[in-house]
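**Q** Sequence first, then the predicted structure, then my questions.
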Amino acid sequence: MSASEPTVLATCGGLVDGAWDDTAYGPLLVEAIRLARVPADRAPRVLHVNTAGGDQRAVEGAELAAARAIGVDAAHLRFFPKRNVPSLRDAVLGADVVWVSGGSVVNLLAVWRAHGLDDVLREAWEAGVVLAGGSAGALCWHAGGVTQSFGPQPAVVADGLGLVPGSLGVHTDSDPDRSPVFRAAVADGVLPDGIELDEGVGVLHRGHASTLVEAVTDHDGGRAVRISRDPGDPSGIRVDPLPVRRLPDAPRPAPSWSTSARTPFPEPVDEEAR
């Protein structure tokens with residue numbers, strides 16, 4: 001089973017601090033899995049992609065522990081020091097969710113394109129594999145956004161994969177230097193109209209046109225705003241707050257040495273009935 005139509009969940013979050021382990025699957029990552037409509041008789045399959053962070057093995061260990069604790073079948077797609085799978089297509093299309101972590105979106109795009117992963121991801125998106133991630137793992141699906149890939153000063157990147165035709169600004173509340181660069185780029189037409197996200201907030205896009213369905217947050221007060229070019233305004237832009245739905249808390253796993261008290265993964269939800 002797969003998502004009912006092409007689906008992208010772009011976020012500023014995903015993995016959170018764990019109660020028993022260092023890392024846990026947070027509400028945003030759990031929401032990505034829910035969107036994949038995984039049958040109740042098997043574990044969800046999540047493919048973690050950490051290209052933007054250089055495929056650090058210590059990060060992989062924490063992600064695998066978090067997945068195991070919540071009953072997820074997780075694997076990693078790795079490009080450093082060399083690719084770890086013979087078939088990118090089999091690895092990606094075999095997943096329910098592809099979750100891309102943060103780091104350098106510029107490096108991520110260059111490596112993906114060198115290996116042809118961009119074409120494989122488009123095929124997976126069309127087939128209903130949920131494409132999701134945080135920070136660089138959210139920017140990559142868009143036409144462009146603002147990044148610190150070149151250093152501490154935010155800079156525009158305008159050659160994302162374009163599965164979502166708009167642009168994205170991330171870390172709006174935690175990094176005040178990003179928003180002015182993002183908004184200026186939209187005002188000047190360097191970036192298309194887009195959305196800014198606070199920490200812990202995500203936006204869901206569906207369909208081949210990547211229509212915005214909703215914004216979601218893992219905590220009270222999380223904000224998402226639409227930034228549109230408006231030559232008639234002195235600032236050159238229009239700012240429209242979006243309604244944001246508060247996600248339920250993620251299932252709380254038991255200690256890793258316990259098997260009897262683990263919380264089962266949430267049942268798939270009928271999207272039309274929600």
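**A** Nice, I can see it.
**Q** where do the helices sit along the stretch 101-250 of the chain?
**A** For the stretch 101-250 of the chain, helices defined by DSSP state H, counting those that start in this stretch occupy the ranges 105-115, 117-127, 136-139, 178-187.
**Q** and of those, who's closest to residue 246?
**A** helix 136-139 (19.0 Å; CB to CB). Any C-beta I mention is one placed from the backbone N, CA and C, and that applies to glycine too.
**Q** Mind giving me the packing neighbours of that closest one?
**A** strand 7-11, strand 97-100, helix 105-115, strand 142-147 (3 or more CB pairs under 8 Å, 6 or more residues apart in numbering; DSSP states H and E).
**Q** Need the contact partners of it.
**A** With CB atoms under 8 Å, 6 or more residues apart in numbering as the test, helix 136-139 has contacts from 10-12, 14, 49, 52, 99-105, 108, 132, 145, 147, 149, 157, 160, 168, 170, 197, 202.
**Q** just to revisit the earlier point, of all the helices and strands packed on helix 136-139, which lies closest to residue 58?
**A** Closest of those to residue 58 is strand 97-100, at 17.3 Å (criterion: CB to CB).
**Q** Residue 44: what's it in contact with?
**A** Applying CB under 8 Å, 6+ apart, we find residue 44 in contact with 33, 36, 38, 71, 72, 73, 96, 97, 265.
**Q** nearest to residue 64, of these?
**A** For the contacts of residue 44, the nearest to residue 64 is residue 72 (9.4 Å; CB to CB).
**Q** neighbours around the closest one, how many?
**A** Neighbourhood size, residue 72 [other CB atoms under 10 Å]: 22.
**Q** just the one 3 residues further on next, same as before
**A** Residues near residue 75, counting by other CB under 10 Å, number 18.
**Q** And the pLDDT for it?
**A** Here the pLDDT value assigned to residue 75 is 98.
**Q** Please name the spatially closest residue to it (chain neighbours excluded).
**A** Residue nearest to residue 75 in three dimensions, not counting chain neighbours: residue 47, with 5.6 Å by CB to CB, 6 or more residues apart in numbering.
**Q** Ok, residue 74 next?
**A** Leaving aside its sequence neighbours, residue 74 sits nearest to residue 67 (CB to CB, 6+ apart; 3.4 Å).
**Q** swap in residue 24?
**A** residue 18 is the one closest to residue 24 (CB to CB, 6+ apart), at 3.7 Å.
**Q** what about the one you found, distance to residue 252?
**A** Residue 18 is 10 Å from residue 252, where distance means CB to CB, to the nearest Å.
**Q** Between those two, point out the one with more neighbours.
**A** residue 18 (18 against 14).
**Q** which phi and psi does that one have?
**A** phi -90, psi 160 (degrees, to the nearest 10).
**Q** these two touch, right, it and residue 66?
**A** Yes. In this structure, residue 18 is within contact of residue 66 by CB atoms under 8 Å, at 6.4 Å.
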